[in-house]
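Q: no sequence for this one, just the structure:
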């Protein structure tokens, strides 16, 4: 069993895709190869059943089956964080306790959709935390573009103060650089714990986020080795080299970040890299057409040329 998620967690916690076959059934063999792929690229941790993992399209039994398969394949080599976001408190608690019993390092929870006030957001997390107990490390996913819920800096700091089990923030407000800075600065000024902050949004703003106090990334870019290399270079104080690496991948990173079609592009890239056998999304979901595939061809070819020039 790997160590639990903590305030010291850092590096790249890759958001794992969920592989399906052409008929939309879970592909557990591809789950194994995908986990091997992520580990070979040097990730610090793996996050499953997130929004990018198509978690809402899985049945409860499928979620548990996928969770168990991932945990078995990882076999304690890196921490595994499990997304437990769901409208029902009982399902949240069931997922969380099942995940921890299988060896998860912690759980990630976004606020239920359309909470309107700061008090509602705070009370939501307090009520869920009371169900889960003090022993389950919690990551707050701040993703208002998807949930419609705005977590203010004050809300985040109130929760850090109230919940010792809240050890990580997945930061993906957009724009959110100033917010990240404010969380760091105000937390220090008030003498609060320094929690781990991992950045989402496809990694599109990772260089700036690292400079503003992020501890790494929690996203699912199909070239996780870039995220790993960038975080390592920043940790070593080699910021300019990190930016050079980032610039090589930026056109493909930006392309993959498109709302609606981005996950389909990501899974197709993972298929091309041998990580999964089939790029299908479980329906409903977009399918790539001929022009989409040709654009992806061109961007991958461009990346390979730029990497060859950078490393030559």
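A: Sure thing, it's come through. For clarity, every value in this text was computed on a predicted model and none was experimentally measured.
Q: quick one, what contacts residue 69?
A: Residues counted as contacts of residue 69 (C-beta atoms under 8 Å, 6 or more residues apart in numbering) are 28, 31, 32. Every C-beta, even on glycine, is put in place using the N, C-alpha and C of the backbone.
Q: Where neighbours are concerned, which of those has the most?
A: In terms of neighbours by other C-beta atoms under 10 Å, the contacts of residue 69 top out with residue 31 at 22 neighbours.
Q: how much space is there between the closest residue to that one other than its chain neighbours and residue 59?
A: Spatial nearest neighbour of residue 31, excluding adjacent residues (C-beta to C-beta, 6 or more residues apart in numbering): residue 69 at 5.1 Å. According to C-beta to C-beta, to the nearest Å, residue 69 and residue 59 sit 15 Å apart.
Q: which ones among the contacts of residue 69 are found in helices?
A: Judged by DSSP state H, the subset of those located in helices is 28, 31, 32.
Q: Which single one of these is nearest to residue 102?
A: Distance to residue 102, by C-beta to C-beta, is smallest for residue 31 among the ones in helices among the contacts of residue 69, at 14.2 Å.
Q: Could you pull up the contacting residues of that closest one?
A: Neighbouring residues of residue 31 by C-beta under 8 Å, 6+ apart: 18, 19, 66, 69, 70, 73.
Q: hey, where'd the helices end up in the stretch 201-312 of the chain?
A: Counting by DSSP state H, counting those that start in this stretch, the stretch 201-312 of the chain has helices at residues 206-211, 224-235, 239-256, 262-272, 290-311.
Q: Where does the prediction get shaky in this structure?
A: Residues of the chain that meet the criterion pLDDT under 70 lie in 1.
Q: quick one, strands of the stretch 1-150 of the chain?
A: With DSSP state E, counting those that start in this stretch as the criterion, the stretch 1-150 of the chain has strands at 11-15, 45-48, 80-83, 106-109, 138-142.
Q: Which one of those lies nearest to residue 182?
A: Closest to residue 182 of the strands of the stretch 1-150 of the chain is strand 138-142 (C-beta to C-beta; 12.5 Å).
Q: what's the burial count for the residue nearest to residue 39 when sequence neighbours are not counted?
A: Distances taken as C-beta to C-beta, 6+ apart put residue 77 closest to residue 39, at 6.2 Å, once the chain neighbours are dropped. Counted with other C-beta under 10 Å, residues neighbouring residue 77 total 13.
Q: Likewise for the one 3 residues further on?
A: Around residue 80 there are 27 other residues, counting by other C-beta under 10 Å.
Q: who touches it in this structure?
A: Counting by C-beta under 8 Å, 6+ apart, residue 80 has contacts 2, 45, 46, 47, 48, 70, 71, 74, 103, 104, 105.
Q: Out of those residues, which two sit at the greatest distance?
A: 47 and 103, at 14.4 Å, using C-beta to C-beta across the contacts of residue 80.
Q: which of those two has more neighbours?
A: Higher neighbour count among residue 47 and residue 103: residue 47, with 30 against 18, using other C-beta under 10 Å.
Q: now that one, which residues is it bridged with?
A: Note on residue 47: beta-bridge partners by DSSP bridges are residue 15, residue 81.
Q: show me what contacts it?
A: Taking C-beta under 8 Å, 6+ apart as the test, what residue 47 contacts is 13, 14, 15, 16, 53, 80, 81, 82, 83, 108, 218.
Q: Using a markdown table, please lay out these together with distance to residue 258.
A: Formatted as a markdown table, the contacts of residue 47 follow (distance: C-beta to C-beta, whole Å):
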| residue | distance to residue 258 |
| --- | --- |
| 13 | 22 |
| 14 | 19 |
| 15 | 16 |
| 16 | 20 |
| 53 | 18 |
| 80 | 28 |
| 81 | 25 |
| 82 | 27 |
| 83 | 22 |
| 108 | 23 |
| 218 | 19 |
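Q: Of those - the most surrounded one?
A: residue 218 leads these on contacts (other C-beta under 10 Å) with 33 neighbours.
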